[in-house]
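I would like the atomic coordinates for the input below:
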Amino acid sequence: MKLLTFLAAGITTVPCVSQASKPASKQKPNILFIMSDDHAYQAISAYGHALNRTPNIDRIAQEGAIFTRACVSNSISAPSRAVMLTGKHSFVNGKTDNVLPFDWNQDNFAKHLQKAGYQTSMIGKIHLDGLPQGFDYSMVLPGQGHYYNPDFVENGVKKRFHGYVTSLTTQFALNWLDSIRDKSQPFCMLYHQKAPHRNWLPEEKYLDLYEDTEFPFPDNFFDDYSGRQTAAHTQEMSIVKDMQWGHDMKFEQNPYTGKPTPFMDDINRMDEQQRQAWRNAYNKRNEEFLATKPEGKDLAKWKYHRYLRDYLKCIRSIDDGVGEILDYLDKNGLAENTIVIYTSDQGFYLGEHGWFDKRFMYEESFRTPLVMRYPKEIKPGTTINKLVQNLDFAPTFLNYAGVDIPKDMQGESFRNLVSGKTDKWRDAVYYTYYEYPSVHMVKRHYGIATERYKLIHFYYDVDEWELYDLEKDPHEMHSVYHDPAYAEVKAMMHRRLTEMRASYGDSDANDRKFIDLTVKK
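Below is the predicted model:
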């Protein structure tokens, strides 16, 4: 392992405290919570979709557990992270969208771990403004952050660093583990990557990765949405229609108008060597496009491949970082007593329905990857098919730490579930989405999912329901809400939805007033 030399950059380092004062056998488990941004479960090879290889993330699954039905309660970045921290739904913790502020003064699981003697750190992306509370050390990206030469805010002080954001985040995490934390205490580190968030700028060494790989279209790439209501028809998440020539497709000039594109902002942040490497990789490929200017399905295929290749390149760097962290745990005798979780803040569309992005309660954005390792309790090769939700992380961490779970946390600890001590679990999960009208124009909706069925209500400027039988229609192509054959199922799902909304305290979802989030174009 190669650690960065941080003194010249002004990174805080403090002398380590010897571990001799507390025998490792009596220590509470360490917690390493790894979260990426917009990482689709389809793009982790342990899930069997064969798009790419993620050997280090897969290693966590192989040596522990893989969750096949993990999901989120609100499929958008900042609200998902607020749910993760607080163990409470968005309408309770107050962070319902990416615009409204997050109140750091409220309770979160890290504050409880601090009180219990844990060394806590947050490193990387959190996308919640303000100084993180509950953490002895924080080194976070402001807002969305940048891929190249990013700014980080270290304990409230903003600094710029030279390099690639994924690698820098990993090195900051290793530095905290090795040189900053009090090693006599158990630790909880939130190690959060920006990638693979839009606009997918790969690391220099991976600029040519996957360029010779042809990826098959998802079967429903050319979905006409005839089996759905208004929301699927009016979204602005189409790879073909809505991706931008600069920001997404990496053209410095619009190929049809010749005008400079907003992508110039990303190019200008690079130094000359980085910029030249970028142009060496992309200009030739862009010139080949300009020579043919494909149309129709050929254009769709070209855009899909430009998007997917760049997206998967960014994930390769994430997997490298996971490997470095796992190697550090091994080399320093920490692996046996450390809970390792890898997840994403939500799922993502990789061409399903012709889309990118997230937001909908449909499976690809509702579901999120989740793999977990803890050698003391979790058997290698464990598979969990239950509806675990990001609402459950906070109580689970507190449970492992031996800390009482606050009664106002709405999630459940899945410790006994993943250890095999019980198979009893909830039979349904509740979902909300509020950010409309806004970017991508996905209508506000809420709903309930069971292991087989899903009921969704789109509201605000429409009043439309959709019902899906995931056993017969796993890709959610045809709502059966108005199918008489599903009358009993529909009635049952409505009852369960009413019960769950009441139990979580969300009985006024249709009437609540929201700010207008319309993005001026």
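
count of residues packed around the residue nearest to Ser413 when sequence neighbours are not counted?
Nearest residue to Ser413 in three dimensions, chain neighbours excluded: Asn399, at 3.8 Å (Cβ to Cβ, 6 or more residues apart in numbering). All C-beta spots, glycine's among them, are computed from the backbone N, C-alpha and C. Using other Cβ atoms under 10 Å, Asn399 is surrounded by 17 other residues.

Equivalent analysis for Pro101, please.
Pro101, neighbours per other Cβ under 10 Å, totals 11.

same question, the one 5 residues further on
Counted with other Cβ under 10 Å, residues neighbouring Gln106 total 16.

Kindly report the same for Thr230.
13.

tell me the contacts of it?
Contact partners of Thr230, counting by Cβ atoms under 8 Å, 6 or more residues apart in numbering, are 443, 458, 462, 464.

Go through those residues and give me the one with the most neighbours.
That'd be Phe458 among these, by other Cβ under 10 Å, with 25 neighbours.

That one contacts Glu464, doesn't it?
Yes. Contact status for Phe458 versus Glu464: in contact at 4.7 Å, counting by Cβ atoms under 8 Å.

which residue sits closest to Gly246, ignoring its sequence neighbours?
Thr261 (2.4 Å).

which stretches of the stretch 101-250 of the chain form strands?
119-124, 137-140, 151-154, 157-160, 187-192 (DSSP state E, counting those that start in this stretch).

between the first one and strand 187-192, how many degrees?
Right, strand 119-124. Relative orientation of strand 119-124 and strand 187-192, computed by axes from the mean of the first three to the mean of the last three Cα atoms, to 10 degrees: 10 degrees.

Show me what strand 119-124 packs onto, helices and strands only.
Under the contact definition 3 or more Cβ pairs under 8 Å, 6 or more residues apart in numbering; DSSP states H and E, strand 119-124 sits against helix 109-115, strand 137-140, helix 165-175, strand 187-192.

Checking Arg306 next. Helix, strand or coil?
helix (DSSP: H, G, I helix; E, B strand; the rest coil).

For the chain, which element, helix or strand, carries the lowest mean pLDDT?
The helix or strand of the chain with the lowest confidence, counting by mean pLDDT, DSSP states H and E, is helix 264-269 at a mean of 83.

Quick check: phi and psi at Ile66.
Ile66 adopts backbone torsions of phi -120, psi 130, taken as degrees, to the nearest 10.

I'd say it and Thr383 touch.
Yes. Contact criterion Cβ under 8 Å: Ile66 and Thr383 qualify, at 5.7 Å.

Neighbour count for the two, which is higher?
The residue with more neighbours, out of Ile66 and Thr383, is Ile66; 23 against 9, by other Cβ under 10 Å.

Now do the contacts for that one.
46-47, 370-371, 382-384.

Any regions of the stretch 301-450 of the chain where pLDDT drops low?
For the stretch 301-450 of the chain, no stretch has pLDDT under 70.

Strand partners (parallel or antiparallel) of the one helix or strand Ile339 maps to?
Per DSSP states H and E, Ile339 falls inside strand 338-344. If you go by DSSP bridges, strand 338-344 pairs up with strand 30-36 (parallel), strand 370-373 (antiparallel).

quick one: which of those strands is nearest Ala277?
Across the strands paired with strand 338-344, Ala277 has its closest neighbour in strand 30-36 (23.8 Å, Cβ to Cβ).

was I right about Cys188 contacting Tyr400?
No. Here Cys188 does not reach Tyr400: they are 9.7 Å apart, not a contact under Cβ under 8 Å.

overlap in contacts of those two?
Ile31.

Look at these two and report which has more neighbours.
A count of neighbours by other Cβ under 10 Å puts Cys188 above the other of Cys188 and Tyr400, at 27 against 21.

Quick one: residues contacting the more buried one.
Applying Cβ under 8 Å, 6+ apart, the residues near Cys188 are 30-33, 110, 113, 118-121, 397, 401.

picking up where we left off before, what touches both of Phe458 and Glu464?
229-231.

Sort out for me which of these are in helices.
Of these, the ones assigned to helices by DSSP state H are 230-231.

Would you mind reformatting the shared contacts of Phe458 and Glu464 (as a markdown table) and adding columns for pLDDT and distance to Ser75 while you're at it?
Shown next, in a markdown table, are the shared contacts of Phe458 and Glu464 (pLDDT from 0 to 100; distance: Cβ to Cβ, whole Å):
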| residue | pLDDT | distance to Ser75 |
| --- | --- | --- |
| Gln229 | 97 | 18 |
| Thr230 | 98 | 19 |
| Ala231 | 98 | 13 |
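
right, so of the strands of the stretch 101-250 of the chain, which gets closest to Thr450?
Nearest to Thr450, of the strands of the stretch 101-250 of the chain and by Cβ to Cβ, is strand 187-192 at 30.6 Å.

Sheet partners, orientation included, of that closest one?
Per DSSP bridges, strand 187-192 is paired in its sheet with strand 30-36 (parallel), strand 119-124 (parallel).

who wins for proximity to Trp200 among those strands?
For these, the distance to Trp200 is smallest for strand 30-36, at 12.5 Å, taking Cβ to Cβ.

who touches the closest one?
Counting contacts by Cβ under 8 Å, 6+ apart, the residues outside strand 30-36 that touch it are 81, 84, 113, 118, 186-193, 195-196, 315, 318, 322, 325, 329, 334, 337-345, 393, 397, 400-401.

repeat that for 7 Å
186-193, 195-196, 318, 322, 325, 334, 337-345, 397, 400 (Cβ atoms under 7 Å, 6 or more residues apart in numbering).

re earlier: can you tell me what sits against the strand holding Ile339?
Residues contacting strand 338-344 (Cβ under 7 Å, 6+ apart): 29-39, 57, 60, 322, 329, 368-374, 400.
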